[in-house]
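Novice: Here is a sequence together with a model predicted from it:
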Amino acid sequence: GENVEQHPSTLSVQEGDSAVIKCTYSDSASNYFPWYKQELGKRPQLIIDIRSNVGEKKDQRIAVTLNKTAKHFSLHITETQPEDSAVYFCAASTNAGNMLTFGGGTRLMVKP
Amino acid sequence: GAGVSQSPSNKVTEKGKDVELRCDPISGHTALYWYRQRLGQGLEFLIYFQGNSAPDKSGLPSDRFSAERTGESVSTLTIQRTQQEDSAVYLCASSPHAGRGTQYFGPGTRLLVL
């Protein structure tokens, strides 16, 4: 089955700096890669997703890149703000509606 | 419109007892998923339902876990003879159709087995 590894497990940045979180996956059949943000005690919320037919997708301060050959994808947050502080999870599946295999999460702390 | 809802929000039970967790998906969503999240960890897939197809139970950790879904609406996850290692947040998600569409998560049920 699919295995998703996520790094780093914790990331501390200064407000205004960029943050990068990386994930690798094992199943070459995976073609859908969402990223979720989870604030303490809250439900995971989708922030961006990418499908395997594109290499990069951007939404304001958030971007995701995908390298299918190397089987890795990354989340980039620019101009970080304290409200970006949360746990971020990457995930992979063989289709947008199939079950997701999640990475272990990255706790992002943005210091004012 | 209303999002995914789950009940109860918290459940404390004694080891050996059975528990039932409920999920109400977004209206019109045909796909429904259950995940488990242990403290400080990622989400583990348990089971998913798509319409009237047989559910994918490949993530259920033991035969003490089972789930049912009535048509394309409510689902219940049942854990029999609970163990302390079952303590976790159980999250439900729904999507418009398996094979496309974002998964939207409910708030979860926090289960504590004493």
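Specialist: Yes, it's here.
Novice: Helix or strand: which one has residue A:50?
Specialist: When secondary structure is defined by DSSP states H and E, residue A:50 falls within strand A:45-51.
Novice: Does anything pack onto whichever helix or strand comes after that strand? Which helices or strands?
Specialist: Downstream of strand A:45-51, the next assigned helix or strand under DSSP H and E is strand A:56-59. When contacts are defined as 3 or more C-beta pairs under 8 Å, 6 or more residues apart in numbering or on different chains; DSSP states H and E, strand A:56-59 packs onto strand A:45-51, strand A:62-67. (Each C-beta comes from the backbone N, C-alpha and C, glycine too.)
Novice: and the first one, what other elements does it pack with?
Specialist: Applying 3+ C-beta pairs under 8 Å, 6+ apart, one finds that strand A:45-51 makes contact with strand A:32-38, strand A:56-59, strand A:62-67.
Novice: Using CSV, lay out those together with mean neighbour count and mean pLDDT.
Specialist: Formatted as CSV, the helices and strands packed on strand A:45-51 follow (neighbours: other C-beta atoms under 10 Å in any protein chain shown; pLDDT from 0 to 100):
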stretch, mean neighbour count, mean pLDDT
strand A:32-38, 23, 94
strand A:56-59, 12, 93
strand A:62-67, 18, 96
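Novice: Tell me which of those strands sits nearest to residue B:11.
Specialist: Closest approach to residue B:11 among the helices and strands packed on strand A:45-51 (C-beta to C-beta): strand A:32-38, 20.3 Å.
Novice: tell me the angle of the closest one relative to strand A:62-67?
Specialist: Counting by axes from the mean of the first three to the mean of the last three C-alpha atoms, to 10 degrees, strand A:32-38 lies at 140 degrees to strand A:62-67.
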